[in-house]
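> Kindly return the folded structure for what I paste below:
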Amino acid sequence: MKAFLYLLAFWLLAAPWALPAEELPIAFARGGRKVTLPIGGDDGKTDGLPALWAFGRRWSEPVTVKDGTAELVAPPVRVPVVFRLAPTHDLKRVRGELVVYPDRPLSWDKGVQLTAVGAPDWFDTWSEAVGLPVRKFKELRSLAAGNWRAPEKPGLLILGRKAAGNGPAVVHRFVAEHKINVLVLEADWFGDPAGPATVGGGQMRGDLLARTGKQSWPAMLEFRSHRQPCGALVNRWAWIPDEANLPLVEKLAVAGGPLDAVRCVVASYLPWQEQLGRRETADATLLDLLAAAANASVDGWRKADLVWPKMDERAGRQRPVLSAAADAAVAWKDCPWSAYLLDLRGAERPPDGLLPELRALEGQIGVKANGLLILGDDRLLDAWEWLKLDRAKKTSHRPGVVWLSDDELPSSTKNRIRLMLTLTELGVPLTAPGQKEEKK
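I've put the predicted structure just below:
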């Protein structure tokens with residue numbers, strides 16, 4: 001009978017939760033340590049006092065819920081274990097999850113200094129559970145009050161929703177002032193909520209993340225939801241792209257000033273708390289993300305040379321991303337190499353004399369760091385045989401040429417993000433509105 005009850009308990013815990021998954025509180029702790037666990041649902045008076053359950057058995061005495069939390073001691077474990085908090089007589093009514101780690105700290109490079117301001121609760125409890133050395137503050141103004149000095153590189157500032165402000169420009173100003181890289185885990189200026197996302201080793205890009213990606217992953221990380229990338233006008237590098245090549249994690253930077261003075265903002269649109277402690281690769285990837293963000297830098301730029309159309313006020317309103325590239329080109333006019341931009345999107349036809357001008361560029365494209373980006377489609381491209389267009393695959397077989405064939409104008413937010421990613425890959429700096437450099 002006892003074995004039957006354990007099997008019944010295990011089946012009930014595997015059954016659908018009464019509390020929606022996206023509302024399920026998740027906390028982290030180290031085995032044998034006291035922890036305050038947030039509780040979802042009612043106050044526990046109607047369905048009995050909850051206790052910790054895992055593997056079909058109860059691991060704690062029932063705990064009293066007060067003001068939406070419960071205090072308890074995390075059970076000792078040898079490997080990370082996910083416990084569910086549920087009342088004994090209704091194990092389907094899960095009130096929260098507690099991920100418990102063994103009582104031993106992880107290995108971390110002490111040369112990389114971490115500071116968190118207003119970080120999400122899950123990051124606070126996770127970093128304490130794994131022994132990650134993080135200095136913590138509640139508000140950014142605490143740093144400005146002289147309580148903190150930016151560490152020498154490498155250093156990383158980790159921000160949550162309130163500290164991230166109302167837009168990436170706020171973060172970039174802080175980054176420029178204090179000369180420190182930033183990782184944003186949650187922000188109101190992230191894009192809209194989106195559906196499920198999966199992450200595997202083959203998706204890793206950039207800096208130290210390539211180390212995790214090269215390892216053999218036993219399974220993909222599956223997230224129930226994520227946020228769309230922010231739509232700000234910035235240079236961006238996709239560190240973890242999704243199936244549509246839109247970023248799940250990306251590095252952002254605003255061009256301006258000497259390259260060695262540019263600091264980076266890394267934005268993560270994934271709810272890591274859903275996978276930490278459940279998959280070893282999740283913990284390894286987040287740790288690599290912290291290290292990569294702290295060490296992130298910006299490579300050299302190429303100036304943008306807009307072949308057509310000419311960037312007047314009307315064209316700038318229709319093409320805000322290219323307008324940002326044209327504005328930045330003023331400050332970076334002395335760059336030795338160019339990225340030529342040809343925009344054929346929209347109803348307006350290019351002039352008849354454009355084809356000879358394009359043919360004059362043939363000897364420059366692909367030479368050292370010169371490249372050509374073509375946006376949209378037009379029959380003019382078929383007359384320019386040098387391009388070696390492959391219309392079936394929507395690509396060009398000419399080295400140094402990139403073709404984005406989508407002809408939509410004004411473009412969607414997703415296509416604007418894809419354009420920013422492509423321009424960044426080409427080395428084209430973007431200057432956001434209000435941050436234009438004066439011509440030197």
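> ok, Ala383 to Lys92 distance?
The gap separating Ala383 from Lys92 is 67 Å, by CB to CB, to the nearest Å. For every residue, glycine as well, the C-beta is placed using N, CA and C.
> domain parsing for the chain?
Domain assignment for the chain, taken from automatic domain parsing, gives 2-101, 113-295, 303-425.
> For Asn415, give me the pLDDT.
Asn415 is assigned 95 on the pLDDT scale.
> where do the strands sit along the stretch 1-150 of the chain?
Using DSSP state E, counting those that start in this stretch, the strands of the stretch 1-150 of the chain run over 26-30, 34-38, 50-54, 57-58, 69-73, 81-87, 96-101, 113-117, 134-137.
> next one: the stretch 301-440 of the chain
303-308, 338-343, 371-375, 389-390, 395-396, 401-404.
> which stretch in those has the least confidence?
The weakest mean pLDDT among the strands of the stretch 301-440 of the chain belongs to strand 303-308, with a mean of 89.
> thinking again about what came up before, Pro151 is nearest to which of the strands of the stretch 301-440 of the chain?
Evaluated over these, closeness to Pro151 peaks at strand 303-308, with 33.7 Å, by CB to CB.
> Using the three-state scheme, assign the residue nearest to Gln113 when sequence neighbours are not counted.
Spatial nearest neighbour of Gln113, excluding adjacent residues (CB to CB, 6 or more residues apart in numbering): Pro151 at 4.1 Å. Counting by DSSP: H, G, I helix; E, B strand; the rest coil, the backbone at Pro151 sits in coil.
> mind listing what Pro151 touches?
The neighbours of Pro151, taking CB atoms under 8 Å, 6 or more residues apart in numbering as the test, are Gln113, Thr115, Ile180.
> List the beta-bridge partners for the second one.
Right, the one you point to is Thr115. Beta-bridge pairing for Thr115 (DSSP bridges): Arg135, Leu157.
> now it: how far from Met311?
Applying CB to CB to Thr115 and Met311 gives a distance of 41 Å.
> Check the last one too.
According to CB to CB, Ile180 stands 34 Å off from Met311.
> more crowded one of the two?
Higher neighbour count among Ile180 and Met311: Ile180, with 22 against 19, using other CB atoms under 10 Å.
> Without its sequence neighbours, what residue ends up closest to the more buried one?
Nearest to Ile180 is Ala150, by CB to CB, 6+ apart, at 4.5 Å.
> got any ranges where the chain has weak pLDDT?
Applying pLDDT under 70 to the chain picks out residues 1-23, 41-48, 144-146, 153, 208, 210-211, 213, 255-261, 329-335, 432-440.
> which one's the longest helix in it?
helix 280-295 (DSSP state H).
> orientation of that one relative to strand 96-101 in degrees?
80 degrees (axes from the mean of the first three to the mean of the last three CA atoms, to 10 degrees).
> same for helix 280-295, what does it pack against?
Identification of packing neighbours for helix 280-295 by 3 or more CB pairs under 8 Å, 6 or more residues apart in numbering; DSSP states H and E yields strand 113-117, strand 155-159, strand 181-184, helix 209-213, strand 221-223, strand 265-268.
> most tightly surrounded among the ones you listed?
strand 265-268 (a mean of 27; mean count of other CB atoms under 10 Å).
> thinking Leu344 is in contact with Leu380, fair?
Yes: contact status for Leu344 versus Leu380: in contact at 7.0 Å, counting by CB atoms under 8 Å.
> Neighbour count for those two, which is higher?
Neighbour tally, Leu344 and Leu380, criterion other CB under 10 Å: the higher count belongs to Leu344, 21 against 17.
> thinking again about what came up before, Ala383 and Lys92: who's more crowded?
Lys92 (15 against 11).
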